[in-house]
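Participant: here are the coordinates; sequence isn't available:
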DNA sequence: CCTGCCGCCTGCGCGC
DNA sequence: TGCGCGCAGGCGGCAG
């Protein structure tokens, strides 16, 4: 479920626990977590061990650790991936910070563990559904090769809204499908797609190439705004599946207008929010504010 | 090149 | 009670 805001929360959390630290040991506990790595766990461990982390960067839902060798350690959280700080001394501060460090005992979904040369807290990659994973990419510090096809995300300072609008309108597909296409604009997943469509009063099945330039612009602005607000709130989470590096949940789910609100009244007009199956997943929308397009695209 | 479908995974909650 | 099924769903690969 992690989309751009949740991944950014993780990036910021990771920064404090990785930058300037030398990775002393890497343990791959589940080969599927490195399935994108040519040669598997062996080459992964060998390439990463003894490197110092310089930075953590992000594009869309992808993260990459910049190593002092100029290489990159790419990570994607998939559906259920988490980076967690483990085995460190719990700070004496606030009670919530008791969650600061997990018990050093192995978590059932532990996939990869990074241990550092300074003897401080470890960084664990945990992933219940194993759609996530990591990959070492030689020379990938600026932009790892496997991410080259991903579009810039709306929080990127170099994101070009006019260009994004033009790309969206060039696609012969339903607007929601285009929103979820990471090569067009990255970072948007099912939750924020539904929220942006609700805010822009557009039905998910509207043909992208029939929307006006201003309409697409409003939609992308809405997506940007909702993701920025979610980031401020620490991300969206419905359960313990998504948490930050310290195990804490964000609270943006309280601000959602469409996603997960089937049967409940629309915050704008009071009509019951509907849930449709679309693209083998759920789409939540207000049937009054977001009317279905009248005719199928039939040129 | 473009579009859209499938398979990959595990845990939870529901209905019978 | 226990079991099977639907659902959660991002993304790479691939067919057309």
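Facilitator: It's in. Computed from a predicted model, the values in this text were never measured in an experiment.
Participant: From now on I want contacts and neighbour counts done on CA atoms only, so please keep to that.
Facilitator: Noted.
Participant: Tell me which residues of the lengthiest helix in chain A come out buried.
Facilitator: When chain A is parsed with DSSP state H, its longest helix is helix A:213-232. Neighbour counts using 16 or more other CA atoms under 10 Å place A:216-228, A:230-231 of helix A:213-232 among the buried residues.
Participant: Could you do stretch A:69-76 as well?
Facilitator: Residues A:69, A:71-76 are the ones in stretch A:69-76 that count as buried (16+ other CA under 10 Å).
Participant: average pLDDT for it?
Facilitator: On average, the pLDDT along stretch A:69-76 is 96.
Participant: Is any residue of that stretch near DNA strand B?
Facilitator: No. Against DNA strand B, stretch A:69-76 shows no contacts by CA under 7 Å from any atom of the strand, the least distance being 13.0 Å.
Participant: quick one: contacts of that stretch?
Facilitator: When contacts are defined by CA atoms under 8 Å, 6 or more residues apart in numbering, stretch A:69-76 is touched by residues A:48, A:51, A:61-67, A:132-141, A:144.
Participant: Which ChimeraX command selects the buried ones in the residues you listed?
Facilitator: In ChimeraX, this line selects whichever of those come out buried by 16+ other CA under 10 Å:
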select /A:48,51,61,62,63,64,65,66,67,132,133,134,135,136,137,140,141,144
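Participant: mind listing what the closest residue to residue A:81 other than its chain neighbours touches?
Facilitator: Nearest residue to residue A:81, sequence neighbours excluded (CA to CA, 6 or more residues apart in numbering): residue A:127, at 4.2 Å. By CA under 8 Å, 6+ apart, the contact set of residue A:127 is A:77, A:80-82, A:109-111.
Participant: picking that back up, which of the buried residues of helix A:213-232 lies closest to residue A:208?
Facilitator: Nearest to residue A:208 among the buried residues of helix A:213-232 is residue A:216, at 8.2 Å by CA to CA.
Participant: From residue A:151, how far out is the closest one?
Facilitator: 17 Å (CA to CA, to the nearest Å).
Participant: Alongside DNA strand B, which residues does the stretch 151-299 of chain A contribute?
Facilitator: So far as CA under 7 Å from any atom of the strand goes, the stretch 151-299 of chain A lies against DNA strand B at A:170-174, A:177, A:279.
Participant: most surrounded residue in the residues you listed?
Facilitator: residue A:177 (19 neighbours; other CA atoms under 10 Å).
Participant: How much space separates that residue from residue A:84?
Facilitator: Relative to residue A:84, and taking CA to CA, residue A:177 is found at 32 Å.
Participant: What segments of chain A are strands?
Facilitator: A:23-28, A:53-59, A:62-67, A:72-76, A:81-86, A:110-116, A:122-127, A:133-137, A:274-278, A:281-285 (DSSP state E).
Participant: Show me what the first one is packed up against.
Facilitator: What it means is strand A:23-28. helix A:41-48, strand A:110-116 (3 or more CA pairs under 8 Å, 6 or more residues apart in numbering; DSSP states H and E).
Participant: contact partners of the one helix or strand in chain A whose mean pLDDT sits lowest?
Facilitator: Counting by mean pLDDT, DSSP states H and E, the weakest-scoring helix or strand in chain A turns out to be strand A:274-278, with a mean of 89. Taking CA under 8 Å, 6+ apart as the criterion, the residues outside strand A:274-278 that touch it are A:261-263, A:282-287.
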